[in-house]
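>>> Below is the sequence, then the predicted model.
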Amino acid sequence: MNKVFQISKEKRVSLKISLPINKVIALGVALFLLMTIGLELIARTTWIQTKVPFQAYGTNHVQFEMQLNNFFAFIEENGPPDCIILGTSMPFRGINPEKLQEAYIERIGKNILCYNLSTAGIHFRDLLFISMSLAGKVEPNLIIVGTSPFDFTEGREQSLDTRFTENAWLLYHIGDFSIEGWLIDTSYAFRILKLISYFAPQGLRFNDDDGVNHAINKWKNQLTPSGFGYTTAIEKNIAKPMNQGETRKFLEQFGNFTISQTNLSSLEKIIENYYQNQTDIIIVSMPYDESMVQIKDEEGNPHPEQKKLETFISELDQGISNIANKFGIPYLRPQISDQIPDDGWRDRYHLNHIGSPIFSRWLGEYLANAVETGIIKDPSIKD
Amino acid sequence: MDIISVKFLYFVLISLLIFYILPGKLQNFFLLLASFYFYTIWAWEYSLFLLGITIFNFFFAHLIQKREARKKLFVRLGVTLNLVFLLSLLSRNILNIAFTDFIRFFGVTDFEVKILLPLGVSYYVLECISYLIDVSRKQLPACPNFINFSLYLAYFPKLISGPIERAREFLPQLTEKRVVDNQTIIRSLALILIGLFRFVVFAGMITVLAPKKLFVDPLALSSTDLVIGIIAAGLHLYNQFAGYTSIVRGVSGFFGIELSKNFAQPSYSKDFSDLWMRWHISLSLWLRDYIYLPLSRAFLRRNPTRTNKANILIPPMATMLASGIWHGGNINKLIWGALMGVFIIVEQIINLIRSITPSAKTPRWRRILSFSILLGLGLIAFIPFNLSIPESKIYVYGIIIANNWQIPDVRLFVVFAIVYLFDGLQYRQNDEFFFRKWPVWIQSLCLTLAIYSIIIVNQFQSAMTTFVYP
């Protein structure tokens, strides 16, 4: 049966469509739908899912996405966590939720379920975005934000990219609907396509040992079920001052020693969002080895930039302190670096498998004390 | 607003809806408003430029038509002013410095002159020039309707990257009654699909598989990669540009306006003269009609011998140098243009000496040799098209002197072969819609696979913009 639709004859250009428009299109659409359903069913089979190393969400950040996969698996197995640890690579390597829990239970006799959602190489601007998009999925009672001077350097300001802020899936969960966001959220087949696309920058070479495969293997070995980044690497030169090469690389990060305002204001916004949600928040300054901030010149004398570095750290500390005071939350600056043995450092500002339990236990004891003294509510009590 | 974007899709759909609701006399006006809106989104200054050029050329054409006695003077003046405008924009870097220095001479130090280069200006200025010349030649009357003339220049599907339309073919379409029926819709959809397939799948896969850092750090690559890389760069440009043109032709079809074909399987060119009838056809025809032929005629009038040196050398060289200027006006584009001019001159000399064999009678080995020479020389010229002179030297050094040959990535050859085959099917059947003669079920299957390919390779391309954080 031919239906003819004609929009007005009194036009210079008029439209005259008869249905069906074209058999090829009609059959093509039908084939497309069938193929889509078929591919989705195949993607959901156990056999295919066992081959997929992780569900990809389109950020091109392998560690973050494996972290996220672990997080959802954690929630499925244990229920939503009582506390979430947020930050960059310093808390990722430095706060072991299991050690934190051990110390907490020993001290207070109650359990606390924590997950470390920190991500290496990320910015606080991106953490804000991530925390906003996950807000609907999980509402912890306690947030621990690990900070470090290296999160707020000029170098960090200049290296901001859009992999998170323009990610369709994260935007979808903030309320910015898109077809791509919806597909990533609901379609197993589309997530597999996303994962394959990560191999595109390396020319779709799936057998290469570097690139994506290297990242997957690395994080399979280092990511624990509680989101902690376990590493056995040890900084061999911790007892010595930084050499000139290290010093140059270190100072490059700081540029003109201006504080990254984008990241600092994002930290404030993260705190504000959780504060408005009546979540307890603690900011903790992550430890770093003193040699990191005692930079020397070639003769071994204090480096000409030493004063600027000290001023930067002091001003940043004041800035974070102001944020903490504004919301009436604790800002911890543990003097714990001297308790970390020389072999407890992965490098001069990341802890390792020896150093992180020390710091994590300290934090667990602090939390227990904070609950006992009423600084924070008992995180294990659900509303 | 990129042509390949969801925003553009929404823009077209909404424009179509309004276009077909409006009564006939408002349709062109609406299309003009939509076109200026499209242009203003890029930058409002661009729309001012365009409006200024439109007003100038509209009235100048009428002046040319009315003042028969001073016609030559006015057309030369009009063309010159358009050219001065275009050339000053193309050399804006030099002018920016010169103007800034001039202002600073008067003690104003906080001010920096920045001349914008409006998107698409190279295209619509050529359209203006051809319009003035065609009016002076009485090939068409000066357009009496300012709205229609404005639409000719501003029409959004072709505004940014062409095709360069002739007023005598475009303007009548704005006044005649048209019906957009099933056939037009199918044809438009097919053009869009072919365009997306070229732009996303072919060009995208070449991007993914081609050697990385080709033009950034060529000496880090093998000689093989450099050769393959330059072929890939050429095919990438072809498929992006041809794909883009196909999409805009398809979009334009929905509004009942046909835009001209801009590519005709250039990989099947017999020689350089043939290449320029198959590559960026609208520009080639413009250069032929407004530079090459007038120059050739002028030189032939002075010296009627075909073998006269000036007749052989100057028209093709001047035309290709003009093309180099149009493509950017910097020294490496001029070198590219000069090389192309040399190749065409050599061809013409050979054709003068030797009788031309019809292509059907040309032995296969000669056709393969011709193709290889065409490809080799074309790629040599393509190097300075993409790189500055010092960078070009490094590139050529990497190929010839470094002598570092390794086994190439075969997958890229597969993509090259598929591109060549696709073009071949269009070429052999002399039909860009060669697939419509296939059985319905095969067409439908190809349609489905094409859509899937576009979705998949689009994801690959998106991933290329952000490095994978390990």
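Perfect, thanks for sending it. Numbering: from 1, shown residues only, chains lettered A, B, ... in the order given.
>>> can you pull out the strands in the stretch 151-300 of chain A?
With strands called from DSSP state E, counting those that start in this stretch, the stretch 151-300 of chain A shows them at A:280-285.
>>> Tell me, how many residues neighbour residue 60?
The chain I'm using is chain A. 26 (other CB atoms under 10 Å in any protein chain shown). Where you see a C-beta, it was placed from the backbone N, CA and C, and this is true even at glycine.
>>> Chain B was what I was after
By other CB under 10 Å, 22 other residues sit near B:Phe60.
>>> Quick one: residues contacting B:Pro211.
Shown in contact with B:Pro211 (CB atoms under 8 Å, 6 or more residues apart in numbering or on different chains): B:Leu221, B:Asp225, B:Leu226, B:Ile228, B:Gly229, B:Ala232, B:Asp409.
>>> now, which of the residues you listed lie close to chain A?
Among the contacts of B:Pro211, the ones lying near chain A by CB under 8 Å from any CB of the partner chain are B:Asp409.
>>> Tell me which entries of the contacts of B:Pro211 lie within strands.
Using DSSP state E, no member of the contacts of B:Pro211 falls within strands.
>>> what about residue 41, how many neighbours?
If you meant another chain, say so; for now it's chain A. With other CB under 10 Å as criterion, A:Leu41 counts 12.
>>> To clarify, I was referring to chain B.
Neighbours of B:Ile41 (other CB under 10 Å): 13.
>>> list the contacts for the spatially closest residue to it that is not a sequence neighbour?
Leaving out its chain neighbours, the residue that sits closest to B:Ile41 by CB to CB, 6 or more residues apart in numbering or on different chains is B:Met1, at 5.1 Å. Taking CB under 8 Å, 6+ apart, we find B:Met1 in contact with B:Lys7, B:Phe8, B:Phe11, B:Phe38, B:Ile41, B:Trp42.
>>> Check the secondary structure at B:Met1 for me.
Here B:Met1 is recorded as coil under DSSP: H, G, I helix; E, B strand; the rest coil.
>>> Report the separation between it and B:Ile133.
32 Å (CB to CB, to the nearest Å).
>>> Over to B:Tyr244: give its phi and psi.
Dihedral angles of B:Tyr244 (phi, psi; degrees, to the nearest 10) stand at phi -60, psi -50.
>>> Kindly indicate which of the contacts of B:Pro211 lies nearest B:Glu165.
Nearest to B:Glu165 among these: B:Ala232, at 30.9 Å, using CB to CB.
>>> can you count the residues close to the nearest residue to that closest one once chain neighbours are set aside?
Nearest residue to B:Ala232, sequence neighbours excluded (CB to CB, 6+ apart): B:Ala210, at 4.0 Å. Neighbours of B:Ala210 under the rule other CB under 10 Å: 21.
>>> Quick check: B:Ala210 touching B:Gly234?
No: contact criterion CB atoms under 8 Å: B:Ala210 and B:Gly234 do not qualify, at 10.9 Å.
>>> Next one: the spatially most central residue of chain A, what pLDDT does it get?
Closest residue to the average C-alpha location of chain A: A:Thr119 at 3.3 Å, with CA atoms, centre = their mean. At A:Thr119, the pLDDT value in this model is 92.
>>> Contact partners for it?
A:His61, A:Gln63, A:Phe64, A:Gln67, A:Thr88, A:Ser89, A:Phe92, A:Asp126, A:Leu127, A:Ile130.
>>> distance of it from A:Ala239?
Applying CB to CB to A:Thr119 and A:Ala239 gives a distance of 30 Å.
>>> so A:Ile336 sits right up against A:Pro287, yeah?
Yes: the criterion here is CB under 8 Å, and A:Ile336 meets it with A:Pro287 at 5.3 Å.
>>> which residues are common contacts for those two?
Listed as contacting both A:Ile336 and A:Pro287 by CB under 8 Å, 6+ apart are A:Phe359.
>>> Please identify which of the two sits among more neighbours.
A:Pro287 (28 against 16).
>>> How about that one: what's its closest non-neighbour residue?
Using CB to CB, 6+ apart, the nearest residue to A:Pro287 is A:Ser337, at 4.7 Å.
>>> Contacts only, for that neighbour.
A:Ser337 neighbours (CB under 8 Å, 6+ apart): A:Pro287, A:Tyr288, A:Asp289, A:Glu290.
>>> Of these - the most surrounded one?
Ranking these using other CB under 10 Å puts A:Pro287 first, with 28 neighbours.
>>> confidence score at it?
Looking at A:Pro287, its pLDDT is 93.
>>> out of the contacts of A:Ser337, who's nearest B:Leu379?
The closest of the contacts of A:Ser337, once distances to B:Leu379 are taken by CB to CB, is A:Tyr288, at 53.9 Å.
>>> Surely that closest one and A:Gly146 touch.
No: taking CB under 8 Å as the definition, A:Tyr288 is not a contact partner of A:Gly146, at 11.7 Å.
>>> Overlap of the contact sets of these two?
With CB under 8 Å, 6+ apart, A:Tyr288 and A:Gly146 have common neighbours A:Met90.
>>> Next, count neighbours for residue 203.
Just so you know, I chose chain A. Per other CB under 10 Å, the neighbour tally for A:Gly203 reads 18.
>>> my bad, the chain I had in mind was chain B
Other residues close to B:Ala203 by other CB under 10 Å number 26.
>>> now do the one 4 residues further on
Number of residues near B:Thr207 (other CB under 10 Å) recorded here: 19.
>>> Show me what the helix or strand harbouring it is packed against.
Element membership of B:Thr207 [criterion: DSSP states H and E] is helix B:203-209. In terms of contacts (3 or more CB pairs under 8 Å, 6 or more residues apart in numbering or on different chains; DSSP states H and E), helix B:203-209 is packed against helix B:223-254, helix B:410-428, helix B:440-464.
>>> Can you tell me which of these is most buried?
Mean neighbour count (mean count of other CB atoms under 10 Å in any protein chain shown) peaks for helix B:223-254 among these, with a mean of 22.
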